[in-house]
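>>> I need the structure of the sequence given here:
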Amino acid sequence: MNSMRIDKWLWAARFYKTRSLATDEINKGRVQVNGQVAKPARDVKVQDTVLIRQNDVTRTLLVLDLSQVRGPAPVAQALYQETPESLALRTKLSEQRHLAREPALSIEHGRPTKRDRRELQRAGQGWGDRWSASVDD
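Take a look at the predicted model:
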């Protein structure tokens, strides 16, 4: 076995749960083989370079072996080797996500919580004597 379809290899290497998911991602242009955008039927050989974009992560892989069957994770991990540059980039992105500010903290105003509502009522800013929800002029 000298070569195999890229969609089947991605499935066997456990990057995608099904071959149809792998095919969809390839058709969206998220997979490249040796620097060229791939099609699902593109053959991949040992020593080829495969670039995969998943979410915000881009992985660059070197194909080490081919497999016609989807095996357990340790067997699947033996089919490829991730390049050191790709590993460094993934580590850097992971660290940036870890140190990034929580998006929910940027919300200053929104629907008040039960606690906020009670504090507004105690401060006299509740609905109180108003008969309408419209703003009074």
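
>>> for the residue nearest to Val46 when sequence neighbours are not counted, what are its contacts?
Spatially, and ignoring its direct neighbours in sequence, Val46 is nearest to Val63 (5.6 Å; CB to CB, 6 or more residues apart in numbering). Placement of C-beta: from N, CA and C, glycine included. For Val63, the contacting residues are Trp9, Val44, Lys45, Val46, Gln47, Asp48, Thr49, Val50, Leu79, Tyr80, by CB atoms under 8 Å, 6 or more residues apart in numbering.

>>> are any of these buried, and which?
With burial judged by 16 or more other CB atoms under 10 Å, the buried subset of the contacts of Val63 is Trp9, Val44, Asp48, Val50, Leu79, Tyr80.

>>> what does the pLDDT read for the residue nearest to the third one when sequence neighbours are not counted?
Which is Asp48. Leaving aside its chain neighbours, Asp48 sits nearest to Val63 (4.7 Å; criterion: CB to CB, 6+ apart). Confidence at Val63, expressed as pLDDT, is 95.

>>> so Val63 bridges to which residues?
Beta-bridge pairing of Val63 under DSSP bridges involves Tyr80.

>>> just Thr49 next, same as before
What pairs with Thr49, by the bridge criterion (DSSP bridges), is Leu62.

>>> how close does it sit to Leu89?
Separation of Thr49 from Leu89 (CB to CB, to the nearest Å): 15 Å.

>>> again, but for Glu119
46 Å.

>>> okay, now Thr18: neighbour count?
11 (other CB atoms under 10 Å).

>>> and what of Pro74?
By other CB under 10 Å, neighbour count at Pro74 equals 7.

>>> ok so, going back, between which two of the buried ones among the contacts of Val63 is the distance greatest?
Asp48 and Leu79 (11.7 Å; CB to CB).

>>> low-confidence ranges, the chain, go.
For the chain, applying pLDDT under 70 flags the ranges 125-137.

>>> longest helix anywhere in the chain?
Counting residues, the longest helix found in the chain (DSSP state H) is helix 84-99.
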